[in-house]
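# have a look at this prediction, sequence included:
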Amino acid sequence: MGEARSKEAWAHTSAVLAMTANINRDPKRTKAFKPADFNPYEVAKQKAVTGKADISVLKDVFVKKEDGK
């Protein structure tokens, strides 16, 4: 229940912060801000890993080679 109250409070706070930032921004230089840009609970959702990484380094470390090294 406490976390839900905190998320709800941040939803309101981030909306006010986004509105304040959009009022004071230069529309020619920057894009419009969204409330999710200021909400710490939304930022965690946005940082999902996409794409593939090269795992050859992990193979070198964890896979035993045939020649016994």
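Structure received.
# use CA for all of it now, contacts and neighbours both
Will do.
# now the element after the helix or strand of the chain with the lowest mean pLDDT, going C-ward?
Using mean pLDDT, DSSP states H and E, the weakest-scoring helix or strand in the chain turns out to be helix 40-46, at a mean of 69. Next along the chain after helix 40-46, taking DSSP states H and E as the criterion, comes helix 56-62.
# would you mind finding the longest helix in the protein?
With secondary structure taken from DSSP state H, the chain has its longest helix at helix 2-24.
# helices or strands next to it in the packing?
helix 40-46 (3 or more C-alpha pairs under 8 Å, 6 or more residues apart in numbering; DSSP states H and E).
# re the thing from before, buried residues in the longest helix of the chain?
By neighbour count with 16 or more other C-alpha atoms under 10 Å, helix 2-24 contains the buried residues 7, 10-11, 14-15, 17-18, 22.
# not counting sequence-adjacent ones, nearest residue to Glu42?
Ala36 (5.5 Å; C-alpha to C-alpha, 6 or more residues apart in numbering).
# neighbours around that neighbour, how many?
17 (other C-alpha atoms under 10 Å).
# with Asp26 instead?
Neighbour number of Asp26 under other C-alpha under 10 Å is 11.
# assign it to helix, strand or coil.
coil (DSSP: H, G, I helix; E, B strand; the rest coil).
# please renumber the chain so that the first residue is 14 from this point on.
Shifting the count to begin at 14 puts that one at Asp39.
# so what's it up against?
Asp39 makes no contacts at all, as judged by C-alpha atoms under 8 Å, 6 or more residues apart in numbering.
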